[in-house]
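Enquirer: Generate a structure from the sequence data that follows.
(2 chains)
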Amino acid sequence: MFPDNLTFSIAGWVNDGVDALVSNYGDVFRHISETLLWAIIHLENLLRITPWWLMLAIVGVIAWHATRKILSTLLIIGLLFLVGAVGLWDKLMQTLALMMVATVISVLLGIPLGILAARSNRLRSVLIPLLDIMQTMPSFVYLIPVLMLFGLGKVPAIFATVIYAVPPLIRLTDLGLRQVDREVMEAINAFGANPWQQLFGVQLPLAMPSIMAGINQTTMMALSMVVIASMIGARGLGEDVLVGIQTLNVGKGLEAGLAIVILAVVIDRITQAYGRPRRGGPK
Amino acid sequence: MNEMAINKIEVRNVFKVFGNREKEVMALIREGRTKDEVLARTGCVIGINDLSLSIRAAEVFVIMGLSGSGKSTLVRHLNRLIDPTSGQILVDGEDILEYDMPALRQFRRHKISMVFQNFGLLPHRNVIENVAYGLKVRGDSKAQWEERAQHWISTVGLEGYEHAFVHQLSGGMRQRVGLARALATDTDIILMDEAFSALDPLIRAEMQDQLLELQRRLQKTIVFITHDLDEALRIGNRIAVLKDGRLIQVGTPREILQSPADDYVDRFVQRRRTSI
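Expert: This next block holds a predicted model:
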């Protein structure tokens, strides 16, 4: 047995902190929550109002633009059609909306943080262990305080998703920027490029494959959170998986699970195709 | 003639220490310790050790030395890609170490350009955009940079490749792009850091000829870094020999060949003599 007089607990201390946060800043969090909710609901409505054939056409156009391959495009459209065919179209749109909002927030946070991390070794050495924690901490641990602050539903689901999904984007943005050829950086410096011109003209474009790989990872990880998100009241495909588990309806769970996989495949193909450097030009 | 007036670049007592114990190292140098002793004691590398030289306007000044002799470090001091630990660097009589960032950028945009060993070209831009890079950065209009870039592309013999990407070009062609980029900004000074070292011998000779040809017309101040004596003798008006960050000898190719200052220079020259 571990001796009793050497044990201590931070639980009470943390609980007090969270309580104080909820009672003192509850309004602020409510405000953030409402703004976010407004965005999600409008996006969700938009996606659900859009007729299924138009949605398929839009995805088809994006897929074609990204891959330039007829077969891939048809496959992507076919897979999504299949999800609609098993009656999960509406839930697919709900999950898509949740994921898109989480991804946008992740990009807005992740890319600037990645840029800052690439510039400062000190920030990076603080950030990296933090990212490790965010990725390894079981999500239920931070779901509880997030639930207390934002209530049940979509908003805490998004927060949990962002916490889990943003680290790879920060890492890969940082990596991509640091991997830009040293001599290229020296050259543009020697010609008097200012920091702005260096970042947007050279570093970000050259780091793009890495950043797109980060966005790809972020979307994949966001998708893997949908089941957990549905446990705290977010609607969508995860809900069906959850119901499938609770009612031992393996078939239903499998259908929804496969639909999540299909959504993952579709998004993965499209973001990966955009990540591939396309230096065409005259051959 | 007034010696000061024709000196384009003046390097005065420049020291460069790599590492974070600069003060200690400077003290050790004053005690007369060698580079190896300093490295063993402090873990700091002496890049440049009390180096002074002057470069005249419109000459091709070659800086020669083995790898690790500090030649690439020295040339980066001239446009402040590296800042010295102590010393003075004057260009046209102005101490460039006093420039703040905006002034330094202006200096780099208008007065000094550079050609790199591994080209340092932008892989995501085509040839004409690469050549125009210095012009675009300083805010020239599209019509201006297009015309200037086009002019220099044809001068270096790359007509027809304007819209090719860097990865589609051979090594020699890439360095022509690098050269055109440096020439396009029309700066008085061009730094060339082992510019032809990555090229095969035939292409290298061709590029040397082209550089000499251009220099006859343009009369730029060219600071050329190389480890190759033949190259130095071929293109240099004057040659400086560096060893361990110290200046060993400066002179015309003839002076270097006929009266090498010490064993180090002599060894450089020896092979040349025996091969003749």
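
Enquirer: need the contact list for residue 236.
Expert: This is for chain A. Taking Cβ atoms under 8 Å, 6 or more residues apart in numbering or on different chains as the contact definition, A:Gly236 lies against A:91-92, A:94-95, A:98, A:226, A:229-230. Bear in mind the C-beta positions are built from the backbone N, C-alpha and C, glycine included.

Enquirer: oops, I was thinking of chain B
Expert: With Cβ under 8 Å, 6+ apart, B:Gly236 has these contacts: B:60-62, B:224, B:253.

Enquirer: what do you get for B:Arg76?
Expert: B:Arg76 makes contact with B:82, B:193, according to Cβ under 8 Å, 6+ apart.

Enquirer: mind checking which helix or strand it is in?
Expert: Counting by DSSP states H and E, the element that carries B:Arg76 is helix B:71-78.

Enquirer: how about the closest residue to chain A within the stretch 51-200 of chain B, secondary structure?
Expert: When distances are taken as Cβ to the nearest Cβ, the stretch 51-200 of chain B approaches chain A most closely through B:Gly120, which lies 3.1 Å from it. When the structure is split into helix, strand and coil by DSSP: H, G, I helix; E, B strand; the rest coil, B:Gly120 lands in coil.

Enquirer: That one contacts A:Val184, correct?
Expert: Yes. Using Cβ atoms under 8 Å, B:Gly120 is in contact with A:Val184, at 5.2 Å.

Enquirer: Which one's more surrounded, the two?
Expert: With other Cβ atoms under 10 Å in any protein chain shown as the criterion, B:Gly120 and A:Val184 differ in neighbour count, and B:Gly120 comes out ahead with 24 against 21.

Enquirer: Strands along the chain, start to end?
Expert: Using chain A here. With DSSP state E as the criterion, chain A has no strands.

Enquirer: Wait, chain B was what I had in mind.
Expert: Taking DSSP E as the criterion, chain B carries its strands at B:7-18, B:45-56, B:60-64, B:86-91, B:94-95, B:112-115, B:189-193, B:221-226, B:238-243, B:246-251.

Enquirer: Buried deepest among those strands, which one?
Expert: Taking mean count of other Cβ atoms under 10 Å in any protein chain shown as the contact definition, the stretch among the strands of chain B with the greatest mean neighbour count is strand B:112-115, which reaches a mean of 27.

Enquirer: ok now do B:His227, which residues does it touch?
Expert: B:His227 sits next to B:64-67, B:71, B:194, B:197 when contact means Cβ under 8 Å, 6+ apart.

Enquirer: Name the residue of chain A that lies nearest to chain B.
Expert: The shortest separation between chain A and chain B is 3.1 Å, found at A:Ala187 (distances taken as Cβ to the nearest Cβ).

Enquirer: Let me see the mean pLDDT of stretch B:155-166.
Expert: Computed over stretch B:155-166, the mean pLDDT rounds to 92.

Enquirer: so what's the nearest residue to A:Gly251 once chain neighbours are set aside up against?
Expert: Distance criterion Cβ to Cβ, 6 or more residues apart in numbering or on different chains; nearest residue to A:Gly251, sequence neighbours excluded, is A:Gly244 at 7.7 Å. Shown in contact with A:Gly244 (Cβ under 8 Å, 6+ apart): A:250-254, A:256-257.
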